[in-house]
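Trainee: Predicted structure and sequence below. I'll ask about it afterward.
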Amino acid sequence: MLKKGQTSAAYLFLAPFLITIGIFFFYAFARAIYYSLTDFNLFNTPKLIGIKPYVDVLSDPSFRRALSNSLVFAVITTTLQTIGALLMAVALNNKIRGMAFFRSAWYMPSITSSVVITLIFLWLFQRRGVANYAITQWQTYLPYTLTLLGVLIAAQVAQVLWERARGLPAGWFDPALAVISLLIALAVTATLSWTGVLSVRDVAPYDFQYFSDRWISIGGARLLSIPMLVIIIQNTFTTIPTLMLFFLAGLQNIPGALYEAADIDGATPMQKLMNVTVPMLRPVTFYVITVGLIGTMKMFDQVAVIGSAAPQDTLITLAYYVYINTFKAGAAPVNLAAAAAIVLAAIILVMVFLQRRFISSEAV
Amino acid sequence: MKKVLKKALFVSLAVLVAAAGSASAQTTIKINGYGGQDPAIVGDLINRFVKPALAKDKITVVYQPLQGDYNQQLTTLLAAGNAGDVFYVPGETLDGYVATGKLLALNGVVNTTPFIKSLNDAFTRNGKTYAISKDFNTLTLIYNKDIFDEAKVAYPNDNDTWTSFQNKLAAVKKALGNDYYGACLAPDYARMGQFAFAAGWQPFDSKGKTNLLDPAFVSAFNYFTGLSKDKVGVQPSEVSQDWSGGCLASGKVAVAIEGNWIVGFLKDNAPNLKYGTALIPKNDKTGKRGNFVFTVGWAINAGTKNKAAAAKVLNILTSPNVQQYVLEQGLAIPSRTSLQNNAYFKKATPGAENSKVVFQGASSGTVRPYYFGNKGPDWAKPISTALAAVLSGQKSSADALKQAQQEMDTLQNR
Amino acid sequence: MTTTLAEVRKNAADLDRWLARRRWARAGWLYAFMLVMSIFFLGPFLMGLLSSMKDNPNEYPPRLIIPQLTPQYIGRAYNLGVQGAGSGWNGGLEPGRTVTFDVSVRSPADAPQGPPTTALFPYQPTSLVAIARQAQATEYATVRTVETGQVGEVRSYRITVDYPALTAQQGEVIAARLATPDENVNAKLPGGQIVAVTLDTPAAQDKQYSLNATQAVELVKAGDKYYLRGPVFERTPLQIDVQRGQSITASTLPPSDRQNFGRSFAYRNITPGVLGYTFNNYRRAFSETTSPQTGRSLFFSWVLNTFLYAFLRVSAAIVFCSLAGYALARMDFPGKNLIFIVGVLFVQMVPDQVNLVSNYVLLQDLGLLNIWGLWFNGLVAAGGVFLMKQFFEGMPKELEESAAIDGAGPLMTFFRVMLPQAGPALIALAITQFQGAWNDFFWPLVILRQNTDYLLTVGLVNFRQLYGGQGDYGLILAGAVLSAIPVIVIFVIFQRYFVDTGSDSAVKG
């Protein structure tokens, strides 16, 4: 019916799209490959020199650092945000009043720009910043927290045992009893504080410099820098809400019959999570991981915003390596930058390919 | 109505004629420089000095500021062949530009003798001078007068040696206790290197290699990091600041080692802070002080079509009149030796006082350009890393220097 | 079993009650958990918002209760604004007005008993661009200090700032700005008319050469002449110093800076008004970025640029992405799969940095290193094409078929039949594109060269480069809050679509 003349119409429809990606993507991509095989430095006429730029780039210590940083960042962040989002989605898979409000509130970090959030985090994580202040407060009030927690647990255990003795099927985490336990714990802590048994600890302000040359090493090899850890926290913080919504949508599509069947088999909540929820969410998880890996491998904004506030080695990523080697004072190793960009693209493609090849995206 | 129309016609005709006339013989010289405050300043200089002087030569001058990362922008413009005829070149990135062949050697084009020698050196490679210093900065000791008064310790002065300076700081710390500190120590080669110069260290030997285990360097390194002993000195981050200027503004630290750029900052951020300025202390043994010069120069594009006109503009921009104006307006510290007797330096404001000391700093003792060699800013990284490690107590000075030397060797053998 | 029926019933009822109680408690815990998480996710923003109002956002320990949000001090700031300029909102200092400011000083018996030294000081913060040097209150106003009372060791003083008008002429008072002077001082009236200003007193003539263009002034119109009443100051900076042993115990407003061991207090503005007090950093973000050439606020330009760019991106996406998405979803043609896989999927995987050099050089050669170049660079977003393809695939085929029977061509079918049906998907597309454009950073950073062309993200990062990389966190936080507001507003209005699109593409992708 719609066959005749469709090819030309379709290409007409696609023309703006094809022209844009033709110029700004494929032409640019081809040029990048070409530059990566030349001695181009912005000021000379490019001359083909074979794969030497690739050899040079692979032996450049700061490229290796960028590569390692990018991979570590991508793997850790993707793992953390996927697991975090999944757990939160499971916890929130309840139809309760006011859900819309909470969802909006949590969505806030993911709609604001990475620049704004990075600036705010940079400010929070100063040496005498809010983050360190919060840790100091935590240490100061540790006696209170511990007392509260201890009394809470003791009261809960006592109550559960009592209820069970009365023949009621109370679980260890029974929520109603926990409310009572909490009230008891609060009362006890307040009394102890009143009578002066409990007092705040006198601790020196917690003094940790986040944006400095500190590393978490394994076997002497510097693996993850502390500034990068802050970015990981920030990135997880901003992405969890979005991913959680993906998972929530997925959860709502799981037939309730599956859980009922599991209940009949006497499955614990943990078993239900591992044997019903996780397998059923596989398509969503697959998507979330793919998007996560691609996104985190391309990480650039945060590093560029922090810039000189942290030592360069601690934060440099492949994307940033390409950027700083393209724009330098005077002659710039643009060929190396292009080679690094191609390597980055190749890594992402291989990652996606491997994931497609070895992990099934079908629900089981 | 008719009259108005007629008048309008006449005016527009006149404009057209004037435009046509000027287009025939006008040469336009484009200047590239920093954004921020510079467009207003350079614009002012062009209007006041350059235009009147060049009116008869039919040369117009326009200033095109480059926002953001200046080096990056200038590089792309140079590469594309549309950079200005005259432009700023920061001293520390000179080599990158020399390598592109886009800088015109100024030997024989401009007379360099009236300018401070250390500033000419900063722009000279293999006997060729590539730029004329526009203005400059050196490091000084900026001290909080109230803190020294409160501690009843004498202010730092130009005769201080490393030891006497250290003693003053220790006395301040002792008198004021926990919440106050003697000095702000930024873990940065650019705030410590001057001590090494004073001790006689050369950043590069004849083969271009850097020796951080040289006793002169080690003594300076130990002196600088030793100031942090007993919390006499602190890093800026320890008082929640990013740099020593913020440190001083907090009112808790007696001395900061900074250049003239701190003056504007203090005016905005600690308007009621009373401060004074002294020269960097001298090394006890050599009896000399050391200093960095931080400078930006005027360079000419080797690809310019109007070399003569560009040279004229450059000569006017570095002329005694312009430099005197720049200095007296408190805009920057220009580069001519003859300015040392200028009345501005005798003014009693803390800002003018600081300018004077900065100016003196460029010709007192061993003064070297702020310069990294052919490896670029990466060169200073091992030193700064070692400083940070020792100042925050993570490493001993010997270990830190050993590692820094290793990193330096790797870098220089690359 | 000896339980009676009644007992069984009673037990069952007990159990029901027990279970109900449990459900309630569970809901309670759930809400508590959600509340805690909300604090976690909103906390950084709320802290940023709060601190953006502080004089010094880096204060340690960070306070949660700050004078800028305390009714008492806001009231005083308002009152001082009224005294100084007749405006409790804007504040400032106008000629002919008198401002009083109270301070209490404790002088123990063994300390000096004299009054504090008070003075106005010059203060004009600089930001991204140089503003013409503004007149300073200290050169025009006088300060008097009078003791007003004593309670024990504490004496209170009243500081009076008096700013007499420069002319005795009476008449209509006009607010104007100075224009470029010739042999006279000239002013630009609110209507745009340039008039010569008469300086009729020695005090006024004294200032003839210290007044710069763009300075806000008050003129008196008497007869056909305009007399200078005096400059209008945005700030009245006051400094109070006491002697060793004395201490300042209270003042009308808290000081913005303390030096000399708490014996020197600086108040950056004692006539702030509410805007200048609580929202000072917000006002600074606009006013301190005023470009001297154009007189326009750079920050304001950045906001407009960002809106323009977002609008361009959204319009292009709505037309071009839906066209391409429709073609890929509903038409048959050779190369369709290839285009989808390479043009849509592959493009989204490859990082932008690959195209960096080529696109930059290309746009530079075309003279397009501006918003338009930025727009062309990302004219049709592959992600948008993907979204629209998914949407059109889900639409019933009957619509097109009936259109085809009516003899409509493909373009007609698309614009008349399909596009009007695509409302929700288009809104979703528009929102994602708006958000993408608003938060875009990499390409704007590379392509935009003039600071008048910047988008908010790039401009904000520039705030960090002030004072040699130190950054002014007051400006940064205020700018961050301002730049987040539009996205939040859009989000609140359209949040249903945010959530829907996300999950759709997730499950299908």
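Mentor: All right, it came through fine.
Trainee: which parts of chain B sit against chain C?
Mentor: Counting by Cβ under 8 Å from any Cβ of the partner chain, the residues of chain B close to chain C are B:35-37, B:39-41, B:65-68, B:73, B:76, B:80, B:144, B:146, B:150, B:240-243, B:245-246, B:251, B:261, B:264-265, B:267-274. From N, CA and C alone the C-beta is placed, and that goes for glycine too.
Trainee: Quickly list the domain ranges of the chain.
Mentor: Using chain A here. A:47-127+A:213-358, A:142-194 (automatic domain parsing).
Trainee: nope, chain B
Mentor: B:27-134+B:294-346, B:140-292+B:370-413.
Trainee: So for the longest one, first residue to last residue, what's the gap.
Mentor: In other words, domain B:140-292+B:370-413. Start and end residues of domain B:140-292+B:370-413 are separated by 35 Å (Cα to Cα, to the nearest Å).
Trainee: related to what we said a few turns ago, so which of the domains of chain A is the most surrounded?
Mentor: domain A:47-127+A:213-358 (a mean of 19; mean count of other Cβ atoms under 10 Å in any protein chain shown).
Trainee: what number of residues lie near residue B:271?
Mentor: By other Cβ atoms under 10 Å in any protein chain shown, the residues close to residue B:271 number 21.
Trainee: For chain A, which residues are neighbours of chain B?
Mentor: Looking at chain B, the residues of chain A close enough under Cβ under 8 Å from any Cβ are A:42-43, A:61-62, A:126-129, A:207, A:209, A:212-213, A:309, A:311-313, A:327-332.
Trainee: Near chain C, list only the ones from those residues.
Mentor: A:126, A:128, A:129, A:309.
Trainee: Just name the closest of those to residue C:246, please.
Mentor: residue A:128 (29.4 Å; Cβ to Cβ).
Trainee: Now do the same for residue 114: its pLDDT.
Mentor: No chain specified, so I'll use chain A. At residue A:114, the predicted lDDT confidence score is 89.
Trainee: oops, I was thinking of chain C
Mentor: Looking at residue C:114, its pLDDT stands at 89.
Trainee: next one: the one 3 residues further on
Mentor: Listed pLDDT for residue C:117 reads 91.
Trainee: Can you name the residues that contact it?
Mentor: Neighbouring residues of residue C:117 by Cβ atoms under 8 Å, 6 or more residues apart in numbering or on different chains: C:240, C:241, C:242.
Trainee: Quick check: bridge partners of the first one?
Mentor: Residue C:240 forms beta bridges with residue C:118, residue C:265, as assigned by DSSP bridges.
Trainee: returning to that earlier point: filter the residues of chain B next to chain C down to the buried ones, ChimeraX style.
Mentor: Buried subset of the residues of chain B next to chain C, written as a ChimeraX selection, criterion 16 or more other Cβ atoms under 10 Å in any protein chain shown:
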select /B:35,36,37,39,40,41,65,66,67,68,73,76,144,146,150,240,241,242,243,245,246,251,261,264,265,267,268,269,270,271,272,273,274
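Trainee: Now, the residues of chain B next to chain C that are in strands?
Mentor: B:65, B:66, B:144 (DSSP state E).
Trainee: ok, the residues you listed vs residue C:378, which is closest?
Mentor: Set against residue C:378, the nearest of those by Cβ to Cβ is residue B:66 (24.2 Å).
Trainee: and the gap between the closest one and chain A?
Mentor: Separation of residue B:66 from chain A (Cβ to the nearest Cβ, to the nearest Å): 12 Å.
Trainee: Quick check: buried residues in stretch C:338-345?
Mentor: Buried residues in stretch C:338-345 (16+ other Cβ under 10 Å): C:339, C:340, C:343, C:344.
Trainee: Tell me the spatial nearest neighbour of the third one, not counting adjacent residues.
Mentor: Residue nearest to residue C:343 in three dimensions, not counting chain neighbours: residue A:21, with 5.7 Å by Cβ to Cβ, 6 or more residues apart in numbering or on different chains.
Trainee: in the helix or strand hosting residue B:32, what counts as buried?
Mentor: For residue B:32, the host element (DSSP states H and E) is strand B:27-34. For strand B:27-34, the neighbour count (16+ other Cβ under 10 Å) marks B:27, B:29, B:30, B:31, B:32, B:33, B:34 as buried.
Trainee: cool, and stretch B:47-55?
Mentor: For stretch B:47-55, by 16+ other Cβ under 10 Å, it's B:49, B:50, B:53, B:54.
Trainee: Can you say which of the domains of chain B is nearest to residue C:425?
Mentor: Here domain B:27-134+B:294-346 is closest among the domains of chain B (Cβ to Cβ), at 37.9 Å.
Trainee: Show only the entries of the residues of chain A next to chain B found in helices.
Mentor: A:61, A:62, A:312, A:313 (DSSP state H).
Trainee: How confident was the prediction at residue B:115?
Mentor: 92.
Trainee: Quick check: chain neighbours aside, which residue is closest to residue A:6?
Mentor: By the measure of Cβ to Cβ, 6+ apart, the closest residue to residue A:6 outside its immediate chain neighbours is residue C:331, 5.2 Å from it.
Trainee: The ones in helices among the residues of chain A next to chain B: which two are farthest apart?
Mentor: Farthest apart among those by Cβ to Cβ are A:61 and A:312. That separation is 11.7 Å.
Trainee: Which residue ranges of chain A form strands?
Mentor: A:215-218, A:221-225.
Trainee: Let me fix that, I meant to ask about the stretch 301-414 of chain B.
Mentor: In the stretch 301-414 of chain B, the strands defined using DSSP state E, counting those that start in this stretch lie at B:366-369.
Trainee: if I look at residue C:279, how far off is residue C:199?
Mentor: The gap separating residue C:279 from residue C:199 is 35 Å, by Cβ to Cβ, to the nearest Å.
Trainee: typed the wrong thing, it's residue B:256
Mentor: Computed as Cβ to Cβ, the residue B:256 to residue C:199 distance reads 44 Å.
Trainee: what's around residue C:379, how many residues?
Mentor: Neighbour count for residue C:379, taken as other Cβ under 10 Å: 20.
Trainee: Can you list the buried residues in stretch C:374-394?
Mentor: Under the neighbour-count criterion of 16+ other Cβ under 10 Å, stretch C:374-394 has C:374-392 buried.
Trainee: phi, psi of the residue most central in space within chain B?
Mentor: Nearest to the geometric centre of chain B sits residue B:294, at 2.9 Å (Cα atoms, centre = their mean). Note on residue B:294: backbone dihedrals following degrees, to the nearest 10 are phi -100, psi 120.
Trainee: wait, what's in contact with it?
Mentor: With contact taken as Cβ under 8 Å, 6+ apart, residue B:294 is in contact with B:91, B:92, B:136, B:137, B:138, B:190, B:259, B:370.
Trainee: Dump these to CSV, plus secondary structure.
Mentor: What follows is the contacts of residue B:294, written out as CSV (DSSP: H, G, I helix; E, B strand; the rest coil):
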residue, secondary structure
B:91, helix
B:92, helix
B:136, strand
B:137, strand
B:138, strand
B:190, helix
B:259, coil
B:370, coil
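Trainee: Show me which of the residues you listed is closest to chain C.
Mentor: Set against chain C, the nearest of the contacts of residue B:294 by Cβ to the nearest Cβ is residue B:259 (9.6 Å).
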